[in-house]
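Chemist: Pasting the sequence and the predicted model now:
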2 protein chains.
Amino acid sequence: MKNDKQNINKANINDVAKMAGVSKTTISRFLSEQYDLLSVDTRKRIEGAIKELNYRPNRLARGLKGNRSGVIGIILSDISNPYFTSILKGAEEVCRLHGENLMVCNMDDDPIKEKECILMLQTHRIDGLIISSTGHNNDLLLELKKAGVSIVLIDRKLPELEVDFIGTNNIKATIEATTFLLDCGYDRIAYFTRPLTNLSSRRERATTFLSVLSEHREQNVDYIYEVDIGQSDILEQSIDHFLHQSEGQFACIFAGNAMLLLKIVILLQRKGIQIPEYISIVCFDDPEWAAVIQCGITAISQPTQSIGRIAMEKLLKRIAGDHSTSENTELEAEFIKRGSTLKAN
Amino acid sequence: MKNDKQNINKANINDVAKMAGVSKTTISRFLSEQYDLLSVDTRKRIEGAIKELNYRPNRLARGLKGNRSGVIGIILSDISNPYFTSILKGAEEVCRLHGENLMVCNMDDDPIKEKECILMLQTHRIDGLIISSTGHNNDLLLELKKAGVSIVLIDRKLPELEVDFIGTNNIKATIEATTFLLDCGYDRIAYFTRPLTNLSSRRERATTFLSVLSEHREQNVDYIYEVDIGQSDILEQSIDHFLHQSEGQFACIFAGNAMLLLKIVILLQRKGIQIPEYISIVCFDDPEWAAVIQCGITAISQPTQSIGRIAMEKLLKRIAGDHSTSENTELEAEFIKRGSTLKAN
DNA sequence: TTGTATGCGTTATCAT
DNA sequence: ATGATAACGCATACAA
């Protein structure tokens, strides 16, 4: 009954101060771990009072005063896509280790949702932001940056922003994979990608694929199919088209990401088309099940967890005051040969 | 140069008030959408000023004053496990629709990490919490609850807490699956589960499995193997043991979750053991790749995204003031027959 | 319909 | 080594 404050049962810095018989300034110093300014005795008393009262410092008040909320924002294209959740896991780990918390937003590559997310996070005064952006809200991101919020881009580059980027070395990985396919002797290779908007990761992979081929082919006999997930009909048409074009040829499908791979494999299974007997397949990205599906899918394994970790580390450095010029960090992927591809002859 | 405040370039409610030529109270009313208290004219002026200044309300200050942070916490066992990320996606969607933000924590089923997460979130004054708890921090959760933070449990029940729970109807789903296996005529069935700690979801499945069998078998010829992911050696020993015990019998493996399923399938593949010719398999949980692996894995599909959505809806209701007694909500799973199981004869 | 004054829980700037 | 006091940005009771 003696506690009729707004916050039922929630002690604040004053209560602790009273109980420990010191001023709240002293408590504040304790909270900031300025132990050299405290006598051993008061420190003990404060510790006791905190335990006794179940005191939990209020991060909102701290943030309001100190201009650091202790929150990092992360905006992802798809929070249920293993590629992104693996990044998320890496980021979360580093984040928690540094005593910051993570606010997570999902936006389904929708610029409107992305905008909402950015505004919400700004409202919460995030200390920093990690984002796989659609590229359609550069103005807002620039505003954030000007307001002093550090930003790290993942998966998609936005050179206009001049902020750090961490991602896979798409070009190198695509060169390796495509060269491998050429060495295998495929007559026809089709690259399936989600729509080639201006997202750097998709474009880099597709254009590299084409440029490697154009170096080695005398005439263009390969294809790029742009299909979004959810467009099952278009995917099926594309596959039918390719199967028709490559009839009797030694052919291979190159899936631009794991979701497409899954859809493609399901379709091929339904059509009764054997992998790799009738058609081969490779994937950019190596989901956990790639090794176990069919004869094992040849895949490009991306260092997703590292991307998340490094992005967060970079971000925390920036927040801590590193103002050096922004960097592009591209981590190397690993090419894993499995049973879904063959050598000719 | 005229703006030499701490917050570079960040306008506050006073700046907006000045620019709009009103008091900050009026701005505050605008922010709280009490439009009936504002003349159309002032409202327009305020809107103009906000746009002009790129004003973003400070949620920390709001939260400090109003005792609502606008943040929901969610603590998950494994933020990269599709089961949980699917829940996360559902929760995030509802959360954002209601203007709240989501703070996500990963704890790897480690009670120490879980404790840290709870404390961190409490420090940020979350309005509510969704958690798949280890069950080893009930004291902290109770404290949270007493402090007025609503809690919704997912996946694992903790009756002592008397808070809402949302999850799969494990018992019904297990009965259906096990009965199906008995109907198929399997002589031997082995249930593989992660260690049977006091986590309700694991226990419910395992005990139901046993009780259904004991009703239909005259003597106990089936097995429960407790294996944690990461313990590849123990998993292999267990499988070898079961293969040996069931030699020449019509046998089936029941995997308690998708991760175990994957490990088991990999092991069987490595041993060259055909599914379902040599051994059958079922899984509690239906990962996206279950349909496409081998001949298709017979599986129990859980309504994960709904679990997340409903958990968040329930939580938001509680936060909005619903103080009715806590409920257990168990969503029905769907049993999907595929090629990995057979009928005898 | 609008304004004034006070407080939310903390940190920072002075003091002592 | 410790305290008193003024912010931080907003919401609210009370006035007008």
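Modeler: On my side now, so go ahead.
Chemist: from here on, contacts and neighbour counts on C-alpha atoms
Modeler: Will do.
Chemist: where in chain A is pLDDT low?
Modeler: Applying pLDDT under 70 to chain A flags the ranges A:1-9, A:345.
Chemist: How about the residues of it by DNA strand C?
Modeler: A:6-7, A:12-14, A:24-25, A:27-29, A:31-32, A:56-59, A:61-62, A:64-66 (Cα under 7 Å from any atom of the strand).
Chemist: if I look at A:Leu144, how far off is DNA strand D?
Modeler: Separation of A:Leu144 from DNA strand D (Cα to the nearest atom of the strand, to the nearest Å) stands at 15 Å.
Chemist: residues in contact with that residue?
Modeler: A:Gln122, A:Ser150 (Cα atoms under 8 Å, 6 or more residues apart in numbering or on different chains).
Chemist: Okay, and which of the residues of chain A next to DNA strand C map to strands?
Modeler: Members of the residues of chain A next to DNA strand C lying in strands (criterion: DSSP state E): none.
Chemist: In ChimeraX, select just the buried ones from those.
Modeler: The ChimeraX selection below is limited to those of those classed as buried (16 or more other Cα atoms under 10 Å in any protein chain shown):
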select /A:12,13,24,27,56,57,58,59,61,62,64
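Chemist: just the residues of chain A next to DNA strand C that are near DNA strand D?
Modeler: Applying Cα under 7 Å from any atom of the strand to the residues of chain A next to DNA strand C, one finds that A:Lys24, A:Thr25, A:Ala61, A:Leu64, A:Lys65 fall near DNA strand D.
Chemist: Regarding the closest residue to A:Asn137 other than its chain neighbours, which helix or strand does it belong to?
Modeler: Counting by Cα to Cα, 6 or more residues apart in numbering or on different chains, A:Lys115 is the residue found nearest to A:Asn137 once chain neighbours are left out, at 6.5 Å. Assigned by DSSP states H and E, A:Lys115 belongs to helix A:111-123.
Chemist: Does anything pack onto that helix? Which helices or strands?
Modeler: Where contact means 3 or more Cα pairs under 8 Å, 6 or more residues apart in numbering or on different chains; DSSP states H and E, helix A:111-123 is packed against strand A:71-76, strand A:101-106, helix A:138-146.
Chemist: Give me the angle between that helix and strand A:71-76.
Modeler: Using axes from the mean of the first three to the mean of the last three Cα atoms, to 10 degrees, the inter-axis angle of helix A:111-123 relative to strand A:71-76 is 170 degrees.
Chemist: Other residues contacting helix A:111-123?
Modeler: By Cα under 8 Å, 6+ apart, the list of residues contacting helix A:111-123 reads A:73, A:75, A:103, A:105-107, A:133-137, A:140-141, A:144, B:56-59, B:101.
Chemist: Just after that helix, pick out the following helix or strand.
Modeler: Next along the chain from helix A:111-123, counting by DSSP H and E, comes strand A:128-131.
Chemist: Any chance you could list what contacts that next one?
Modeler: By Cα under 8 Å, 6+ apart, the list of residues contacting strand A:128-131 reads A:71-76, A:149-154, A:311-312, A:315-316, A:319.
Chemist: what's next to stretch A:265-277, contact-wise?
Modeler: Under Cα under 8 Å, 6+ apart, the answer for stretch A:265-277 is A:Glu236, A:Ile279, A:Ile281, A:Gln294, A:Cys295, A:Gly339, A:Ser340, A:Thr341, A:Leu342, B:Val292.
Chemist: Report the buried residues of stretch A:234-241.
Modeler: Those would be A:Leu235, A:Glu236, A:Ser238, A:Ile239, for stretch A:234-241 by 16+ other Cα under 10 Å.
Chemist: Doesn't the first one lie inside a helix?
Modeler: Yes. According to DSSP: H, G, I helix; E, B strand; the rest coil, the state of A:Leu235 is that of a helix.
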